[in-house]
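Trainee: the amino acid sequence is not available; the structure is as follows:
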């Protein structure tokens, strides 16, 4: 899925001709038909005021026991991989973990979803006498460290910097170190020298 690389979308095709959507937002598949090399999916889409029926016609490029490759009407080629447990894909999509850092004058909040060590989420800082910033993060868990790109707005300016959070029990500690700008992003010059001793402690908390 775009901007959420740990998540998958797709559909379930049942023998009796019914279909079920997997993480397709407001598009709900209901049935399917196959004519030659054409797979036609029928369903409803929730618009602002009403539900509208629609159909998607996909050209089957190739199909095997585990993989089906199709081409959309717009010419985009999509590869679908068979899964024995589509319910797990949906439930993983809905699982979030939340963490907070709090002192008398400072707060920060971390809200992430992790599947197969790939992470996306939100992060915001409200540090006394510093500009507050809020944005999104995208990265991965490497060993006991979450390494991600943090894209945020501060006083109307968009910036990207690399962040590192070390797992400590159920919590995370943010690490700091020398950084340099590369391709419009601030990255650590040497991750092996990151200092986590005085980093912000994000303690696990209930998501609201």
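Mentor: Okay, I see it. The shown structure was predicted, so the numbers you read here are calculated from the model rather than taken from an experiment.
Trainee: helix or strand right after the helix or strand containing residue 112?
Mentor: In the assignment (DSSP states H and E), residue 112 maps to strand 107-115. Of the helices and strands lying after strand 107-115 in sequence (DSSP H and E), the nearest is strand 118-126.
Trainee: just the residues contacting that next one, thanks.
Mentor: The contact list for strand 118-126 (C-beta atoms under 8 Å, 6 or more residues apart in numbering) reads 3-6, 96, 106-113, 132-141, 146, 148, 150, 152, 163. Glycine gets a C-beta too; all of them are placed from N, C-alpha and C.
Trainee: can you give me the angle the strand holding residue 112 makes with strand 118-126?
Mentor: Between strand 107-115 and strand 118-126, the angle comes out at 170 degrees (axes from the mean of the first three to the mean of the last three C-alpha atoms, to 10 degrees).
Trainee: how near is the residue of the chain most remote from its centre to residue 162?
Mentor: Most distant from the centre of the chain: residue 36, at 35.6 Å, with distances by C-alpha atoms, centre = their mean. Taking C-beta to C-beta, to the nearest Å as the measure, residue 36 falls 50 Å from residue 162.
Trainee: so which bits of stretch 31-38 are buried?
Mentor: Buried residues in stretch 31-38, counting neighbours by 16 or more other C-beta atoms under 10 Å, are found at residue 32.
Trainee: ok, now stretch 71-82?
Mentor: Of the residues in stretch 71-82, residue 80 count as buried by neighbour count, 16+ other C-beta under 10 Å.
Trainee: now the closest residue to residue 33 other than its chain neighbours: which helix or strand?
Mentor: Distance criterion C-beta to C-beta, 6 or more residues apart in numbering; nearest residue to residue 33, sequence neighbours excluded, is residue 40 at 4.9 Å. Remark: residue 40 resides in strand 38-46, with elements defined by DSSP H and E.
Trainee: please state the offset of that strand from the chain centre?
Mentor: Counting by C-alpha atoms, centre = their mean, to the nearest Å, strand 38-46 is centred 25 Å from the centre of its parent chain.
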